[in-house]
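# All I have is the shape, not the residue letters:
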């Protein structure tokens, strides 16, 4: 390993520690013997690394750059020795913000790293490196990055740069990447949440004021299970095949159950220590007609305040409050601290965040299929509250349902089967898990008796994994001891937030009046200043703006296609600013109504 490679890898792994296994595998292959340098700028065969500082070499790649819209983002297909990145910087617009570099072959990238010092490029936060991934992995890596609002707002102004040689060698690879991009690009907006759902969650949170005030918060449970493993019980179709094993080890770990799994567990004599819930819609029947072996339900419910009050009332056991990692819950937490859990999208993600909060020594999953049963094509096991979820289907029926939701069907490598059927949303949940796994400081394994592989996460049968775990007879007692620490109920006060939003609403109405004036550079600059000042208002940002990201990102994407300083598009720019203020005015008005209506009376939970 020469000095260039050593120093480049040091900064690469500091930024991307999850590259380690792919790099180790490439280093074992004596990669440097695979390639030759070509000084002619011509590809003789695949092993020749070809780059040229002659602009003509990249003429086709940059032929249409910055003509129809500014290149705010470059996605570079093939790195070579890096000259294409240098050329991209020479062709950038004033509006260019970021570069995504996709290099399919790790060995080729390591060879490039052995030729010169790339540390400044690798460390640059505007450069994103996707090296050695499959086309689908590369897409999901980019998808995760593009879920950031500012980046998603620029996504429509993206240029794809094809390396003159490597794009041809890996034509199938990049074709698959483009297919994923074309099929799923709009899904980025979907994952920014639905404004109506977001407002429903806020409304539930305000209605559930007494639930928040009168129950203990998970802050009391912080690190209370250090040294104890956790088993996350999800509700995939394989759960039925894990029940008997779970019975044998239920006193060796903290059991964290998804709400939909509770009835299945209780019917089989398994009492989880915690059951978690985050659904904000409707009245979920998970806690109705529960069958439990003892006179009282011992499992402790951990729920976000956004869960419907009817669901909270239906639960007969002890309850704990957790705030979700949302901006407006920071406001709640400032008035009445309860603790916060990062949940991403599903209740199983919430369970993983909670296991980390508890300080558990390790985590394993059961029932975390993220796929359909390969035989019945059901999405859930028998015995759950929604019986239709466990019904058998044909593959054609499953595809039809998926397409109706805007999803695609895939067959991917399974834990116990060569291939298992899954869908777009399951894959996105999987990607979110993999991101969480990388950031987690605790050991994570998978013991799901079926389902799709969770990336490189080790799969270990539950009984084998639990052999080294000691029995713990006091886990429920530990929880009760923390529960006793809860003192007198506190008080949430939403009046300051409501009053502040009323003032902000007036500012937005004044800005709308300004949008009716004739467009000019001065007028546009004034509107942009008002917009930027609004986004600095913590109350507006937390209670209004983040609730409407899906809507507003579409408006921002229109603006991203315009050159920032082009006087010819002033009318268009002011029209887009008018649309922006109209949308935030409607959202602010609706949020104010949410504050006013529930504040007429509290629901007793």
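Now that the structure is in, tell me what you want to look at. Just so we're clear, the structure is a prediction, and the values are computed from it rather than from any experiment. Numbering: from 1, shown residues only.

# And the strands in the stretch 501-605 of the chain, which stretches?
Counting by DSSP state E, counting those that start in this stretch, the stretch 501-605 of the chain has no strands at all.

# And the stretch 251-400 of the chain, by the same measure?
254-258, 274-277, 300-303, 319-321, 323-324, 340-341, 362-366.

# Let me have these in a markdown table, adding mean neighbour count, distance to residue 21 and mean pLDDT as columns.
To be clear about C-beta, it is placed using only N, CA and C from the backbone, and glycine gets the same treatment. Formatted as a markdown table, the strands of the stretch 251-400 of the chain follow (neighbours: other CB atoms under 10 Å; distance: least, CB to CB, whole Å; pLDDT from 0 to 100):
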| stretch | mean neighbour count | distance to residue 21 | mean pLDDT |
| --- | --- | --- | --- |
| strand 254-258 | 26 | 28 | 96 |
| strand 274-277 | 26 | 31 | 96 |
| strand 300-303 | 24 | 34 | 96 |
| strand 319-321 | 22 | 38 | 97 |
| strand 323-324 | 23 | 32 | 94 |
| strand 340-341 | 22 | 29 | 94 |
| strand 362-366 | 25 | 20 | 97 |
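
# Show me the one of those strands that comes nearest residue 210.
With CB to CB as the criterion, residue 210 lies closest to strand 319-321 of the strands of the stretch 251-400 of the chain, at 10.9 Å.

# Mind naming the longest helix for the protein?
helix 570-596 (DSSP state H).

# Report the buried residues of it.
Using 16 or more other CB atoms under 10 Å as the test for burial, helix 570-596 gives 570, 573-574, 576-581, 583-585, 587-588, 590-592, 594-595.

# Tell me the helices and strands packed up against it.
helix 195-207, helix 495-515, helix 521-536, helix 549-560 (3 or more CB pairs under 8 Å, 6 or more residues apart in numbering; DSSP states H and E).

# do that again at 6 Å, thanks
The contact analysis (3 or more CB pairs under 6 Å, 6 or more residues apart in numbering; DSSP states H and E) places helix 570-596 against helix 495-515, helix 521-536, helix 549-560.

# for the record, mean pLDDT for it?
Helix 570-596 carries an average pLDDT of 93.

# ditto for stretch 195-206
For stretch 195-206, mean pLDDT rounds to 90.

# How about residues contacting it?
280, 305, 306, 308, 547, 548, 551, 594, 598 (CB atoms under 6 Å, 6 or more residues apart in numbering).

# pretty sure the second one is touching residue 210, no?
No. Taking CB atoms under 6 Å as the definition, residue 305 is not a contact partner of residue 210, at 10.3 Å.

# If you count surrounding residues, which of the two has more?
More crowded of residue 305 and residue 210, by other CB atoms under 10 Å: residue 305, with 27 against 16.

# Excluding chain neighbours, what is closest to the more buried one?
residue 205 (4.0 Å; CB to CB, 6 or more residues apart in numbering).

# What is the burial count for the one you found?
Neighbour count for residue 205, taken as other CB under 10 Å: 26.

# From residue 501, how far off is it?
Distance, residue 205 to residue 501, using CB to CB, to the nearest Å: 15 Å.

# Any idea how far apart the tips of stretch 382-392 sit?
Start-to-end span of stretch 382-392 (CA to CA, to the nearest Å) is 10 Å.

# Give me the contact list for it.
260, 264, 285, 286, 376, 378, 379, 380, 381.

# For the residue nearest to the fifth one when sequence neighbours are not counted, grab phi and psi.
The one in question is residue 376. Distances taken as CB to CB, 6+ apart place residue 392 nearest to residue 376, at 4.1 Å, with adjacent residues excluded. Per-residue torsions, residue 392: phi -70, psi 150 (degrees, to the nearest 10).

# Can you give me the neighbour number for residue 392?
Neighbouring residues of residue 392 were enumerated by other CB under 10 Å; the total is 10.

# when you give positions from now on, start the count at 44
With 44 as the first residue, the last one maps to residue 435.

# how much space between it and residue 425?
The gap separating residue 435 from residue 425 is 11 Å, by CB to CB.

# ok, now residue 137?
Taken as CB to CB, the span from residue 137 to residue 425 is 60 Å.

# In this structure residue 386 contacts residue 393, no?
Yes. When contacts are counted by CB under 6 Å, residue 386 is listed as touching residue 393 (3.8 Å).

# shared neighbours, the two?
residue 321.

# which one of these two has more residues nearby?
Counting neighbours by other CB under 10 Å for residue 386 and for residue 393 shows that residue 393 has the greater number, 26 against 21.

# Low-confidence stretches in the stretch 344-493 of the chain?
428-430 (pLDDT under 70).
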